[in-house]
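*Asks:* Model the structure of this input:
(chains A and B)
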Amino acid sequence: MDIDRLFDAVYPGLVRFGLRMTGDVQVAEEGARKAFVRFLDQRPRGDTAASRAWLYRALARHLEEVDARSREAPPRRRLPAHLEGSGGRAMDVRDQAILSALATLPIRERMVLLLREEGLGYPDVAEVAGVPASGGGGVGDLLVEARRRFVAASLSPGPGSTPS
Amino acid sequence: MSHQFDVLDGLPPDGPTDPPPRDPEAAPGPHPDPGTLQAHLDRALSTSSAAEVEAHLQGCAGCRGERASLEALGQQVRTELDAVGLELLPRSPGDLDRARWEMRRDQASAGGRGPRRRNAATATGLLVVAAAIAAVIPGSPLRSLFTGAAPSTGTDVTAPPSEPETGGGIAGMTGVAVGFREGRVEVVLEDARPGTGVELVVGTGDRVEVLAPEGTRFRAAAGSVSVELAGGEGGVLIRIPPGPGEVLLRSGLRHLARWSGGAFQFGEGIAADPRSDGVLLLVP
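*Replies:* Residues are numbered from 1 along each chain as shown, chains lettered A, B, ... in the order given. Presented below is the predicted three-dimensional model:
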């Protein structure tokens, strides 16, 4: 497998997924690189689609660890990551509002929503997010719930907004 | 009998809704729940389940309305998300080159399994060389990372391909880039000590780039580079352009490796460690 080609094809999506999951582009980039480092170390067998799903799985595990660490940290660190900066790069108010809305979702719902946006199929989404592929509490259910919550949260005024 | 969904401004209801009334004669089977309808929209149901849902939808206007709401919801979410952080995401070839280099740096820092772990120290040193190659070789898309200069497109090498270029400007590193002569470039390591690491990377561009620690002396001409490492020590990185050109690597008179036809061949007794985009070998 051509690693460079795989990197060019998958890395931007991994960073996008990580950014939307965490609101922090540095965490996203670091996680995406770690996923590739693990991939190069373990060299899992499979075609490009399987490799892509493997990489998203590796990144998801990393982000779960980051999420768990942030919950164990003192309250100050529980702020949404994007509020602590985005690698010194500008993020506009609208982006921050969207990422804040995403951050209100439970992590499984957020993961299912964003993995589907990345184009992963239900079996891969189910495996990465650790949920059933079908039936009650499955990918379809979580996807609908996550979308509804996200839209509701993105329409509601944020804590820093002023009433008009 | 009629029923109505709480659809406001094209949005679906926030909470669960009562299932629409059922007309058993018109719509066979139970009303599919929203998750099942979503899976149907995403073509994620089995053939038999999809057929059942489709048959139900044919006769149930309420569920068709629910399906339309789910479609609209998905489109709305996609529209919201598509614009997020566009300026932060890697998009250009230069962005990807930088990310790839950072990933290799992480890989070297993490070590690896098998032969890679044994060569981790050598690899780390070579990554420093790889970092510098971006800065000292004109035309490298990574140049701006280390020099602060605007990135080049990778095709704006100013010197004609037949003339070698020497790099400089980065403390501790030096390099040279040469074009092919009659389809071939020969790189010769002079007096390299056993264990000297040489990484051959298949990259981009149209020249063979050779990087080594400062103090290395190069004698370069179109088609050939002689590398004399200071004290015989230090790693060497050779970046090979893709394409039909042939690159030969020798240490003194000993044949180490040959790149030709898109593949590496190695001299007798040379053990090469495959890398993500090339090989790492040690001078015997």
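
*Asks:* Any stretches of chain B with poor pLDDT?
*Replies:* Where chain B drops to pLDDT under 70, the residues are B:1-26, B:108-173, B:232-234, B:275-276.

*Asks:* for it, what spans make up the helices?
*Replies:* Taking DSSP state H, the helices of chain B run over residues B:34-41, B:47-59, B:61-82, B:93-110, B:115-118, B:120-136, B:143-147.

*Asks:* now do chain A
*Replies:* A:3-22, A:25-42, A:48-72, A:93-103, A:107-117, A:122-129, A:139-155.

*Asks:* Rebuild those helices as CSV, extending it with distance to chain B, mean pLDDT and mean neighbour count.
*Replies:* For glycine as for every other residue, the C-beta is placed from the backbone atoms N, C-alpha and C. Listed next are these as CSV, based on distance: least, Cβ to the nearest Cβ, whole Å; pLDDT from 0 to 100; neighbours: other Cβ atoms under 10 Å in any protein chain shown:
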stretch, distance to chain B, mean pLDDT, mean neighbour count
helix A:3-22, 4, 93, 21
helix A:25-42, 4, 91, 22
helix A:48-72, 12, 89, 17
helix A:93-103, 5, 88, 19
helix A:107-117, 6, 96, 23
helix A:122-129, 4, 94, 22
helix A:139-155, 3, 95, 22
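
*Asks:* Out of the ones you listed, flag the one nearest residue B:258.
*Replies:* helix A:3-22 (21.3 Å; Cβ to Cβ).

*Asks:* what's that closest one packed up against?
*Replies:* helix A:25-42, helix A:48-72, helix A:93-103, helix A:107-117, helix B:93-110 (3 or more Cβ pairs under 8 Å, 6 or more residues apart in numbering or on different chains; DSSP states H and E).

*Asks:* do that again at 7 Å, thanks
*Replies:* For helix A:3-22, the packing partners by 3 or more Cβ pairs under 7 Å, 6 or more residues apart in numbering or on different chains; DSSP states H and E come out as helix A:25-42, helix A:48-72, helix A:107-117, helix B:93-110.

*Asks:* mind listing what whichever residue of chain B sits closest to chain A touches?
*Replies:* Per Cβ to the nearest Cβ, residue B:35 is where chain B lies closest to chain A, at 3.3 Å. Going by Cβ atoms under 7 Å, 6 or more residues apart in numbering or on different chains, residue B:35 touches A:138, A:140-141, A:144.

*Asks:* Present the residues you listed as CSV; the columns should include distance to residue B:31.
*Replies:* Listed next are these as CSV, based on distance: Cβ to Cβ, whole Å:
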residue, distance to residue B:31
A:138, 17
A:140, 14
A:141, 15
A:144, 14
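
*Asks:* Quick one: name the residues of chain B near chain A.
*Replies:* With Cβ under 7 Å from any Cβ of the partner chain as the criterion, chain B comes near chain A at residues B:11-12, B:14, B:34-36, B:38-39, B:42, B:44, B:70, B:73-74, B:76-78, B:80-81, B:84-85, B:88-91, B:96, B:99-100, B:102-103, B:106-107, B:110, B:112-113, B:276-277.

*Asks:* Make a ChimeraX selection of the buried ones in the residues you listed.
*Replies:* Only the buried entries of the residues of chain B next to chain A go into this ChimeraX selection, using 16 or more other Cβ atoms under 10 Å in any protein chain shown:
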select /B:11,12,34,35,36,38,39,42,44,70,73,74,76,77,80,81,84,85,88,89,90,96,99,100,102,103,106,107,112,276,277
